[in-house]
Every structure is written in C-alpha cells, then in structure tokens.
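Undergrad: Need a 3D model of the sequence below.
(2 chains, ligands or ions: 4)
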Amino acid sequence: MSLIHEIDYGTPRSKSDTMVTLTIDGETMTVPEGTSIMRAAMEMGTEIPKLCATDMVDAFGSCRLCLVEIEGRAGTPASCTTPVMPGMVVKTQTERLKRLRKGVMELYISDHPLDCLTCAANGDCELQDMAGAVGLRDVRYGHEGHNHPNPGLDESNPYFTYDPSKCIVCSRCVRACEEVQGTFALTIAGRGFDSVVSPGMEESFLGSECVSCGACVQACPTATLTEKSVIEIGQPEHSVITTCAYCGVGCTFKAEMRGNEVVRMVPWKDGKANRGHSCVKGRFAWGYASHKERILNPMIRVSITDPWREVSWEEAIAHTASEFKRIQAKYGRLAIGGITSSRCTNEETFLVQKLIRGGFGNNNVDTCARVCHSPTGYGLSQTYGTSAGTQDFDSVEHSDVILLIGANPTDAHPVFGSRMKKRLREGAKLIVLDPRRIDLVRMPHVEASYHLPLRPGTNVAVLTALAHVVVTEGLADEHFVRERCDWDEFQDWAAFVADPRNSPEAISELSGVPAEDIRAAARLYATGGNGAIYYGLGVTEHSQGSTTVMAIANLAMATGNIGRPGVGVNPLRGQNNVQGACDMGSFPHELSGYRHVSGDETRALFEALWGVPLDHEPGLRIPNMLDAAVDGVFKGLYVQGEDILQSDPDTRHVAAGLAAMECVVVQDLFLNETANYAHVFLPGSTFLEKDGTFTNAERRIQRVRKVMPSKSGKADWEITIDLANAMGFSMAYAHPSEIMDEIARLTPSFAGVSYAKLEAEGSVQWPCNEHAPHGTPVMHVDGFVRGKGRFMVTEYVATDERTGPRFPLLLTTGRILSQYNVGAQTRRTANVVWHGEDRLEIHPHDAEQRGVHDGQWVKLASRSGETSLRALITERVAPGVVYTTFHHPGTQANVVTTDFSDWATNCPEYKVTAVQVMPSNGPTAWQESYDEQARTSRRIEPIVEAAE
Amino acid sequence: MSSDRSSDKLVYMANQIGKFFASQGEAKAPAAIAEHLKKFWDPRMRAGIVAHLEAGGAGLDPLVREAVQRLRETMSAK
Ligand code: SF4
Ligand code: SF4
Ligand code: SF4
Ligand code: FES
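TA: Ligands and ions are numbered 1, 2, ... in the order given. Next up is the predicted model:
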C-alpha cells in the first residue's frame, strides 16, 4: 500500500462528443472538443507547470505559470484557459517558456514565507513542487518581500486552519466553494499585494456561511488552508479507498493514513456517488472512532439496575446464547428476535437476519428502516415492482425540473445537495413541497420557482391535486402510459384524480397552499422537460407515508418521467446503508431481494443452503415486538447498531417494552440509550475497522475497507458468527467476501456481485446479474420490473393526530447538516460547535402569543408526553408549525411523538404531532429522572478476571 | 392478544389499512385487506384480530370486518 496520488488534469473533463486532434510536443493527441491544452497534455502524460488550475474547478488563468507556445500564434497563452483546436501545434517546453516560468515563480517565492521545513504542507505543497519543476534556484528580489498586511491566522474552524501569510491568491478555494460546494462563502478581498481570501464579510470561517465541507482545503495548493489533523500528525504515507458511514449518499474517500492512524479523509475523484466532493461529516467527523467513551470490552449484568461487569468475549457470547436458549425453552420459539442495522455492512445485516431466521427459528427480524423508509419499499414495489429509487445520482445533471418533496438535501444529503445546486445554477427549475422554508427555497444563486408550504400531514392531498392538474389540463403523457402502464388502472386513477374534490381549489384550504401555486407547479413539472422527483422522510414518516409514495409514483408515470437519465423517483435515504439493510432481508416478511417468506420456492433455496427449515409466517415488526413485550410474550432481543430508545417514537412505550424483556443484547460502539435497558453489551467496530459493503440511495454497492485493526478485537460480523455458533447454528466465514458470495447465490438481483467485481469496477448498482453484468444505473428503461406500471388510487385520509384547543400547533422533526441521526457519533466529534443542542423552531407570531423569547427554555407537550428545550424564533417555519431535530438524547423529542404510524408499514408518524408550547424554567421532571437513570445505568465495575 | 389496549390498537391498525383499500370498491377491497393482513401481520396479531371478530368485532369497519372474516376462514381451513 502506498499513498494514492490522483492525477490532476488541471481542468475538468469536457462532456463533448466531438473529437479534436492536435499535436503537442510532436505527438498527436485526440481529445473531446472544449478540452484545455493543459488537460490534453496531461492525458498524454505531460504535466505543464500550474498553480491556479486544478481539475475540480473551471480554469481561471491568473498565475501565468502554465504558458505554452502555439505555432502561428503570437505570445504565450495560458494552457489552462486555451481550448484545443483541430490541427493546433503546441510546445510545452522551450527556452522562452522556461525563462518566463522561472520569472513567475521567482515573484511568488519572494512573497512567500520560506519555512518549508516546518510547514505542515511540506511534501504536499504545489508551490514547492512548481519551484522544483521550473528549476528555480535563485530569487533575485530577496525573501523579505512578503508584505501581507493581514497575518491573522484563523483557527476558528475545528477542523482546518487558514494562514493568510501562505496564500498565493490563486482563488482555487473561492472557486471550489462556488462551483463544487455551491455555498459562496469565500471572496478575494483587497487588490494586488494586499489581496487576501476572506470568508463572508471578513468574518472568521466559523462565523461565516461556511459549512465546513473542506472543498477549499482540498483545492488549496499551499499550506494556507490545512487540516488541523495534518498539522498535528504530519503527512500521510499510505491510503485506502473506503466509503463514508454517515449518510445514504455514500461518498467514497481515500482514508489517508500514517500507520494505523487516520491523518485525513480525502474524497476520491473516482467515487461515482460523490465525484470527489464530501461534507463536513464524512471528511472531518471521524474522531468518534477513538473517543474515550467508546466501549471496548464485552459486558454483562443480571439486572438493568446493576452496574455493568466487563467479561471476556467467550463469557459474553456463551451467556447470551444460553439466555436466548433459556427464554425460548420457557416462552417458546417466537419469544426472541433481533434488529439489524442500517449503519452496519450488507454482510453484517445479512448475517443477523440469517441468525434470526435460521438460528432463532423465527422471522422476528426488523430494521430501523422501519422508522424511515419502509413506505418507500411498499409504495414503489406496488407501483413499479421494486423497492428502490430509479436513478443514479449523475442523473440529476440531465434534469430540467426538480420536484423536491419533504427532503432537505443541503442538510441531510449534502453532497447530493451540492450536485443538485450545481444543476440548478445551470438553469434547471426547482419546486419545493415542504412545510419549512428549507435553504434551497432561496440561497445564493438558487431560487425555487415554487415553494408549496403545505400543512404537515397533507402530502397525499397536494400530490393528488398536482395529478388533477396533469390529467384535467391534458398534460399526461398518453403515449408513455399506453405503452408502459396498465391502461385500465390508469383510467380508474385518472377519473379519481379528476374528481373536483381533488382539484387544487378544493385542496387549497386544507393544505394551506394557494391553488394557483399547485396548478403552476404541476404545469412546470409536466411540461418543463425532464422532471425528476427527489423525496425524503417528510414523505414517508406519516400515517399515509405509503400512500404518498404511491402518489409520487403515479405522478411520474402519468407524465412519462421514468426510464431515462434526468427523470425518475428518488428516495433520499437517511443512514448510510438503509438501502442495503432493506435489500438484505431485514424485514420480518421478506428474505433478501424482497421475496416474501411465504414463497415455498424461495424458502427452499435458503433451506437447502442453510440446512434448517424456515418459518413461512411473517415475524414481528419493531413496534409489534415492543407491544408483544409489554403483553409479556416477547422476552429477548438482539440489537445490532441501533438505538431504538432514542430513534423510535413514543419513548415511554419503547422503554416499557424493553424493561419487560429478560435479555436485551446491544451491540454498538457506545453505551447508547437502548443500552440503559440491556443485559449484555457487545462492543462493535467502526467502519474504519472492518471490511464489507454499503449500498447507497442509488442502489450502488461500494466497498468498505478496513484501515485499522478492530479496537474491540472483533468486527460486527464476527460477533454474529460467534453468537450463531454458540446457539448451535453453524456459520463459518473467513472473510466478508464469502458472505457476499452467499448473498449473490441466494439473491437474483445480486447474482453478479462479488468482491472481485467490485474491485474491478469500483462499484456496481443492483440489479447486477446475467442481464446486467455491469449493474443498472437507471431502472425501468424498457419496462417496469413488475411488467406494466400500476396506478394506485390515493385517497387522502387525514391523520387522526389533529390539532385542537389543548394542542394547537403541529410539530415536525428533521435533521441538520453537522449532526447525524441520534448523534451518537457526531456528538462525539468537534461537530458540536455547530449544533450543541436541539432547538425548537417557532414562528415569531406563535412565539409572541405565548410570551416566548429567543433562546428561552420552553415546554413542548403532546398527548404522549412533554419535554423541554430552548426556542429558536424563525420565519423558516410557518405560523402554526414548530420544528425540532432529534440529535441529542437530553432533548427526548420522541417522548412527545405519538405511536400513530403508516397504515401499510407502521413507519411512525414523526412528521406530525399536535403540540402546545409554553415558557418553562428548564428540563422537565422526566428529563431529569431519565438523565439520572441513564447515569446509574452506565456504571461499569472494574474488570474482575483478566480477559485474554 | 389479551388486553383491551392491544385489541383496540389492532382494530385501529386494521381500519387504517381498510381505509386505503376502500377505494378499490366493495367487491375487491375485502380480499385486498385480507391479503395485506396475511402478508404483513405476524400470526399472533392475526389471531388477535380474528379473536376480536369472534368476540363481536366491535369497532371494525364493514369492509375490514369482511376481510377479517375471510382471514378467519383461511386460517381455519389450514
Ligand atoms: S469549507 Fe466548504 S463551505 Fe467552507 S469555505 Fe471551504 S468550500 Fe466553502
Ligand atoms: S487560500 Fe489557498 S486556494 Fe485559496 S487563494 Fe490562497 S493559496 Fe489559493
Ligand atoms: S454526504 Fe453523506 S456520505 Fe457524503 S461525506 Fe457527507 S455524510 Fe458522508
Ligand atoms: S495554471 Fe493556468 S494560469 Fe494558472
């Protein structure tokens, strides 16, 4: 292993299909039209000296180092800004060019501090490299010329520093922030020698608009913008390609290492999901892996009021197996179950469900996707025949109209958000359907054509009204529908949506969205060219979540927006491996590849390989497990990498369910909230410590590679294997690749997947099999997976969660950029500088009525319970709506959410809770007693006998 | 399921499912509802809702009542 040096071609790749042939240094070269001379030269292996050009941003032409000579042209044009022409004859190295370049470098160096030996970028500095490349040996102007008036070092960002004395004013950072990230946080202030890079209105990085994505740090050729970890540790010496473990975008990174220590994470240019970009979480927030609160030894205890006792792996595994066997002997085969994780790898998830189905002998397996995207699976399989998004991320580059529903990509899926913003800056139109005025509604260089700020809970009504306009104004794509969909079902559906009660005018009052806006948005989506729908948890986490997904699917079919790049229906998945966890058979009714357990043929396939009979009845879902526990018939639970106490609705009910069980086993990195109710704790491993694969929101299967040994001694898949063997269900795998081979053998859509293929192709999108050996970027191209696309009638049914005099406001929940899900990882990184606590967003009008001031503690009460947090007064939320995140356990937002759920999948209705808000003095009694209980529960006794 | 709270919850959930399939009309809806229950509810929940029907089926919407009746027949047929 060595450090991977990606080639910098100097300017971005041209997308043209027209080819141009020219001669460079006597060699003939053919490249796409629009390619720069610099890039053409690099493609044949000749590196023209450069400073201000880099291939992540457009050329700017300011440093004058990349000069070339072109036959028949006067002067020495810059090769980064000069495009190739047919027949051009270019020389990259002549006496004149050498002299000019030396002169340029001399000026740069005379103005630059010469502390190279102690500089953090020593060994990774393009200024050094270029001085070497042009053969600079002498500086005639002396070295004392650096007269930058602003030596102010800015260390405000927790992850990188800005040292203006080293800045060569190449503006690569400014362009990266604009073109790659789309935040426009940086400018060059001042002129000439006085010019300097400045965040915002000459603020500090932390105080500016900067979202800490790190694109500028990556773009900077000098030590001006440098990772603090590089300053502290030094330059890395080898790198390993791996996949981010935070969100469903699935960015690929080079983990740059020194020994077993991560020096920095650098997004990989060849990563097909991120194309070389990242967000603050993936690039910087990996410090949790070595956080002092991480648990590294297995622990057990008899009662949840006892302190934990550290034990050996052998004892922990034997104890767990004997407890599960005891419970099954006493209460029956169905009395135990397990939960797989959307944070763990595909291989790990597959093994957990295999243990439950094969070893426990029942189908009581579920996953936290239950609480986020289960309606996506149901809704899309009913209409299209497959439980996944239809496009790859590259597709957005071909979209003309983007309809964004209940998703906030700039916060929750930042790198995809940046790619979307780029397309919007190129002229695509945006329609936002969201109760909150998310950033994309209006931000620098992006403005939504329409924002439909609907009342929480009225998604189905508004989507059906959009369809009403499409059908009644003759905007449906009849050709597509006749050819690709069931025509009879379409007609039933068309008659339903055309009914006047579904018109925008009829829906306007109930949804709070003006009828004209619904009409205009529908016209734009149906007629504006390639229309793409992206949606998030604001769609699924409702009592009509599945219906909403079907309404979305209907709309895309009716307008012919399916089956080619630029269109489609795209769920933006929350956690990194939600798609994979669903694919791997984590749901109680489905084996891997979404095949129902009642299918005799499918079961026979698994039974033959696993050597045990499988139950043909669906098992319990998470809420059903908790209900059954409260009823006294469900007694044991194996939870891998999830924190259901914090993430699931109605915390008191979850707590009651867990407390009623006799053996709760939590496998995680930290003593999470669920562990307060656990009897066994098995320390898990981070993504840096194991091999495997994750599947992102575009169905892309990507490798996770071990960069350091497991700190607890075992990767999560190894723990499951030990547990299975201890229970008498034999499992033997030497490496996760063997688990993938088994998945491929048992799952038609994965039949062509293997580690060898992933190694060769970088990544593949399922289905990957004999029909699509290289995977499937866009689905339903020639026909729907289910055959004919199926229109479903989507009658609006108001949620039973209604506002009234006691609870007049609607609470909706979400997440922010710097934090992740329940925050177990991000809270243990410096990301807390951006989000130290969850706040309740409330409209000024509602705040004033209640005498609530900004920053004041307020009590948030619903039918289920109450909690306290501090208020943030903002017009982002509409009057009548309040909003909070759920990243901090102290907030206990889920004490307030109810147990209403999606009719088809029981996905909880997080997005609508009727609440009241009133000033308060601080945390509620429940929060205080919870805190106390959590503290007591986390006591650990010192180890009694030495673990090996 | 024994307690009232849990059978109330089952009735609520079954009716919720019924509301979606109601649009398919009286002829098709009961079969669709029964199929959904069979595919997604574990045996204990199905037994619970059938027991509730046998005890009078209070609160079940008409289409759902018919669906649970069908479910009961398929279960006893096995
Ligand atoms: S870290 Fe990202 S957002 Fe911040 S200034 Fe740099 S490029 Fe812009
Ligand atoms: S901070 Fe770095 S990238 Fe930005 S202008 Fe200065 S040297 Fe160039
Ligand atoms: S966008 Fe998602 S996958 Fe990419 S770096 Fe950020 S958290 Fe990781
Ligand atoms: S690299 Fe071309 S002008 Fe700077």
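Undergrad: what ranges of the stretch 801-948 of chain A fall below the confidence cut-off?
TA: For the stretch 801-948 of chain A, the stretches flagged by pLDDT under 70 are A:815-824, A:827, A:835, A:942-948.
Undergrad: Contact residues of it facing chain B?
TA: Contact residues, the stretch 801-948 of chain A versus chain B (C-beta under 8 Å from any C-beta of the partner chain): A:903-906. (C-beta placed from N, C-alpha, C; glycine too.)
Undergrad: next one: the stretch 651-800 of chain A
TA: So the stretch 651-800 of chain A meets chain B at A:793, A:795, A:797 (C-beta under 8 Å from any C-beta).
Undergrad: redo that, cut-off 10 Å
TA: Contact residues (C-beta under 10 Å from any C-beta of the partner chain) of the stretch 651-800 of chain A with chain B: A:792-795, A:797, A:800.
Undergrad: which residues in chain B form helices?
TA: Ranges of helices in chain B, per DSSP state H, are B:4-21, B:25-40, B:43-54, B:62-77.
Undergrad: could you give the angle of the first one to helix B:62-77?
TA: On the basis of axes from the mean of the first three to the mean of the last three C-alpha atoms, to 10 degrees, helix B:4-21 is oriented at 110 degrees to helix B:62-77.
Undergrad: list the helices and strands helix B:4-21 packs on?
TA: The contact analysis (3 or more C-beta pairs under 10 Å, 6 or more residues apart in numbering or on different chains; DSSP states H and E) places helix B:4-21 against helix A:545-558, helix A:622-630, helix B:25-40, helix B:43-54, helix B:62-77.
Undergrad: wait, is residue A:929 part of a helix?
TA: Yes: applying DSSP: H, G, I helix; E, B strand; the rest coil, one finds residue A:929 inside a helix.
Undergrad: what residues are up against it?
TA: residue A:923 (C-beta atoms under 10 Å, 6 or more residues apart in numbering or on different chains).
Undergrad: That one and residue A:352, how far apart?
TA: With distances taken as C-beta to C-beta, to the nearest Å, residue A:929 is found 33 Å from residue A:352.
Undergrad: same deal with residue B:41?
TA: In this view, residue B:41 and residue A:352 are 22 Å apart by C-beta to C-beta.
Undergrad: Check residue A:405 too.
TA: Plainly put, residue A:405 is 32 Å away from residue A:352 if you go by C-beta to C-beta.
Undergrad: now the helices of chain B as TSV including distance to ligand 1?
TA: Below are these laid out as TSV (distance: least, C-beta to the nearest ligand atom, whole Å):
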stretch	distance to ligand 1
helix B:4-21	44
helix B:25-40	44
helix B:43-54	49
helix B:62-77	53
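Undergrad: Make CSV from the ones you listed and add mean neighbour count and mean pLDDT to it.
TA: Converted to CSV, the helices of chain B look like this (neighbours: other C-beta atoms under 10 Å in any protein chain shown; pLDDT from 0 to 100):
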stretch, mean neighbour count, mean pLDDT
helix B:4-21, 19, 85
helix B:25-40, 17, 89
helix B:43-54, 19, 90
helix B:62-77, 17, 85
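Undergrad: Which of those sits closest to residue A:640?
TA: helix B:25-40 (22.9 Å; C-beta to C-beta).
Undergrad: how big is the angle separating that closest one from helix B:43-54?
TA: 140 degrees.
Undergrad: Check whether helix B:25-40 comes near chain A.
TA: Yes: using C-beta under 10 Å from any C-beta, helix B:25-40 reaches chain A at B:25, B:36, B:38-40.
Undergrad: Quick one: distance of that helix to the chain centre.
TA: 9 Å (C-alpha atoms, centre = their mean, to the nearest Å).
Undergrad: Need the single longest helix in chain A, by residues.
TA: In chain A, ranked by residue count with DSSP H as the criterion, the top helix is helix A:313-331.
Undergrad: Relative to the helix or strand that that helix is followed by, what are the paired strands and their orientations?
TA: Scanning forward in sequence from helix A:313-331 by DSSP states H and E, the next helix or strand is strand A:336-340. Here strand A:336-340 is paired, per DSSP bridges, with strand A:365-367 (parallel), strand A:636-640 (parallel).
Undergrad: Identify, out of the ones you listed, the most deeply packed stretch.
TA: Neighbour counts (mean count of other C-beta atoms under 10 Å in any protein chain shown) averaged over each of the strands paired with strand A:336-340 peak at strand A:365-367, with a mean of 31.
Undergrad: ok so, going back, closest to residue B:8 out of the strands paired with strand A:336-340?
TA: Among the strands paired with strand A:336-340, if distance is taken as C-beta to C-beta, the winner is strand A:365-367, at 22.6 Å.
Undergrad: before we move on, back to that, between residue B:41 and residue A:352, which one's more packed in?
TA: Neighbour totals were compared for residue B:41 and residue A:352, and residue A:352 leads with 31 against 25 (other C-beta atoms under 10 Å in any protein chain shown).
Undergrad: how near is the residue of chain B found nearest ligand 3 to residue A:365?
TA: The minimum distance from chain B to ligand 3, using C-beta to the nearest ligand atom, falls at residue B:40 (31.1 Å). Using C-beta to C-beta, residue B:40 is found at 14 Å from residue A:365.
Undergrad: Over to residue A:654?
TA: Taking C-beta to C-beta, one finds residue A:654 at 18 Å from residue A:365.
Undergrad: Then residue A:238?
TA: The separation that residue A:238 has from residue A:365, given C-beta to C-beta, amounts to 39 Å.
Undergrad: try residue A:326
TA: 20 Å.
Undergrad: Nearest residue to the middle of chain A?
TA: Nearest to the mean C-alpha position of chain A, counting by C-alpha atoms, centre = their mean, stands residue A:247 at 2.3 Å.
Undergrad: what's the pLDDT at it?
TA: With respect to pLDDT, residue A:247 has a value of 87.
Undergrad: ditto for the one 4 residues further on
TA: Residue-level confidence at residue A:251 comes out at 94, pLDDT.
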